[in-house]
Each structure stands twice: as C-alpha cells, then as structure tokens.
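Asker: please find the sequence and the predicted model below.
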Amino acid sequence: MHARNAMDTPCVTSLSNLFTPFALSVIPASNMLALADGSDMMGSLRNPAGWNNLYSVRPTAGWMDESDGSIADGDVDKSTESGDSEPIELPYPTSSVGPMARCPEDLAMFLETLLPEEQSHFHASAIMDLSLEELNSIVKRSKIGWLNDWGGSFPFEDGVLFHCKRALDTFELKGGANIECIPGAPFPNDDLWEAWMSIRSYKIFNSLQEKIGCDADEVVPTLKACGVKPEAIWECERGECLTQQQLESALVKAHDWSVCADSLFQSLDFLALPSSQVYPFDASIDWPKSIAGKKMDTYHRWMNVMVPVTLLGAPCLTIPAGTGSTNRHMGVQIFSQRGKDMQLLQLARWYHQNSEMNSTNLA
C-alpha cells in the first residue's frame, strides 16, 4: 500500500504501509499535527523528510535503547600489521528511532521527549535558547564536507545534486561556513554495499525467525505460505545462507569505513549527502528500476546513499533542499560523529532562520 506525498499527490511517500515513517511524514507535512516519529534503518526518517519538506533527526545509534547490537556471536578479530588482534564488531544498532517536524525547535523538543533517562544530558533548551549571534558564530566556525555523488558511485535523478548543493551553500553564502567538496569516493562503495547487504539480510532473517518462533529452515517456507512480499523473502533467503566468514568480512568493512570517516572528521565537522537519489516517484511504481540510465540490481539499491550513515551509527539531520524542475521536494542529510546530535540541531535552527527553502505549511 502506498501513501500519497503531501507535496505532490500523484507521488509516493510510503513504500509499505500506512504506519511507516514514510507515510507518517505526511501528517506534519499536511499540517494535521506538528510532529511524527519512526525508526530509520535505511533512510526511513531521512528520505520521507526530504520528500515532504520536513526536518528529521536520526539520533546517534544506541541512544534509544535499541537492542540489535553486534551481528556476530563473540568478537571478530582483525589482525593489525604488528600481528596483534583487536576485536571488530558493530557495537550499536543499525536502526534508530527519531522525530520529524516542520521546524528544528519542535524536532529538538520531541527528541528530548523520546530519549530514555540515560540520555538526560540532551536538553532541547541548549538549542532553542541560543541567540542569533551565537548561532551565527557556530555556523561561521563550521566545516562541512560535501560528498556529492560519492565519486560517481551513486547515480542521481537529474536536478537532485544541484538542489542539494544549493541548499548546502546557504551555510557558506549567508553564514560564512566552509563548504569543502570531497573529490572522489572517500571509501569504496562496493565494500560499503556488500557489508550492508550481509548485515541487513542477517538481521532481517534473525528478527523474523524470532518473531515466527520456528527453526531456521522453516522461516522462508512460512513466509511464502503467508504471502509475504517477495523482497522480504529475498532478504531471508540471503540471510539464511550467509556464512560466518561473510559476516566477519562485513564487520571488518564496516569498521574500516568507520576509521575512514573518523579521519575525515579530523578536519571536517560535518559531512553531507542528498537525502535520496530520486525525487518522489509515481505511486504506481513499487521502486525505481533505474536512475540516470543505471539499472538498480536490487529492490533497495536506489537507497544506496543512506548506507554510509547507517553503517557509522552516526547522528544525521535532514534539512529541506527545495524542489527540482518537476516541483518535487528533496532534502540534504548532514551527519557528524557519534554523540554530536546537539551540534546538528544547532545547524538546523540556523538554517531554518536563514534559508529560503525551509519547511513551509500547506495552504
């Protein structure tokens, strides 16, 4: 079932059912309520926010007490050049609950409400009480890396990159921030995608096996008998066949990307990518089969741009980026190191006050 996009009725917002973040994003976008929330594994907070002219934040993974931590039983060892071994694991969940809103102030307040007591260090007032001068000073000191199309690895519908970069340039043109265009791919996308495919399929298979309460070899036949959609069956067939060696390889690649990102954050405060590779598409389409002439080899390849943030477990802000030639909305995902959620929301508040593309209400 599809939910129609609040900004363009013939276009899709929801890819599964009316209770996903994709569909719930229509609620604040159409002025029914000020807020919505949902979980984000592969962009389910970022993508719909961008498509519906909203702000969203995917908090630092683990802040919400999600329980899907390491994908392997025990540590996976990676030998260093000295011959020593160090444990490699994914120490945070791949999915994170977070809010969507029409303005950063509501976003910050809702995030504080959603967070468990262990995260009592987060206070929305630290964002809302900042003066314009303080916000200007924060933005002027900021260094943002624009990752563009990841060295050509991510195909984009025509207009997406232009509008996202134009939105990002607001920080430089009006706030004096330093926007640095990152040349090439900072990390091989083939490694990112391969790692993510294994981790995602493994988690989906084990999650469904636990919910069904059956043996591993009964999961796929049970799903087929229940008429579950082909994409879920495909994930479980992959997850069931994964070897320990494949899982270990996925964890090592995810760790290597984390090390690479840390090196980027030595000189940059934030990194930025579009919030989707396509504009909202026709509701009669289940998923884009090609982008800019490049065939999508899986049902979720069109969301490849979401993978870098998910594998990092990093906090990620989505800001509105305006519309393309078809008058459909797009957003920018801006992310930083784990724990820097507050700094992202400070950027959002400044942007909302200074951008011509901030979230607007429908008539």
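Answerer: Great, that's in hand. Numbering: from 1, shown residues only.

Asker: got phi/psi on the residue nearest to residue 140 when sequence neighbours are not counted?
Answerer: What sits nearest to residue 140 in space, not counting adjacent residues and going by C-beta to C-beta, 6 or more residues apart in numbering, is residue 176, at 4.1 Å. Heads up, the C-betas are built off the backbone N, CA and C, glycines and all. Note on residue 176: backbone dihedrals following degrees, to the nearest 10 are phi 80, psi 10.

Asker: got the contact list for residue 176?
Answerer: Applying C-beta atoms under 8 Å, 6 or more residues apart in numbering, one finds that residue 176 lies in contact with 136, 139-140.

Asker: what do you get for residue 175?
Answerer: Counting by C-beta under 8 Å, 6+ apart, residue 175 makes contact with 136, 139-140, 142, 350, 354.

Asker: of the residues you listed, select the buried ones using a ChimeraX command.
Answerer: Paste this into ChimeraX to select the buried members of those, with burial taken from 16 or more other C-beta atoms under 10 Å:
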select :136,139,142,350,354
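
Asker: farthest pair within the contacts of residue 175?
Answerer: 142 and 354 (13.1 Å; C-beta to C-beta).

Asker: quick one, strands of the stretch 1-150 of the chain?
Answerer: Under the criterion DSSP state E, counting those that start in this stretch, the stretch 1-150 of the chain contains strands at 4-5, 8-12, 35-40, 55-58, 76-79, 85-88, 96-101, 143-146.

Asker: ok, then the element right after the last one?
Answerer: Same thing as strand 143-146. helix 160-173 (DSSP states H and E).

Asker: now tell me what touches that following helix from outside.
Answerer: Outside helix 160-173, the residues touching it (C-beta under 8 Å, 6+ apart) are 139, 142, 144, 146, 148-149, 177-179, 272-279, 319-324, 330-332, 347, 350-351, 354-357.

Asker: which of those fall in helices?
Answerer: If you go by DSSP state H, these have 139, 347, 350-351, 354 in helices.

Asker: pick the one among those residues closest to residue 42.
Answerer: residue 347 (23.2 Å).

Asker: what's the burial count for that closest one?
Answerer: If you count neighbours by other C-beta atoms under 10 Å, residue 347 ends up with 25.

Asker: distance of it from residue 248?
Answerer: Distance from residue 347 to residue 248, counting by C-beta to C-beta, to the nearest Å: 37 Å.
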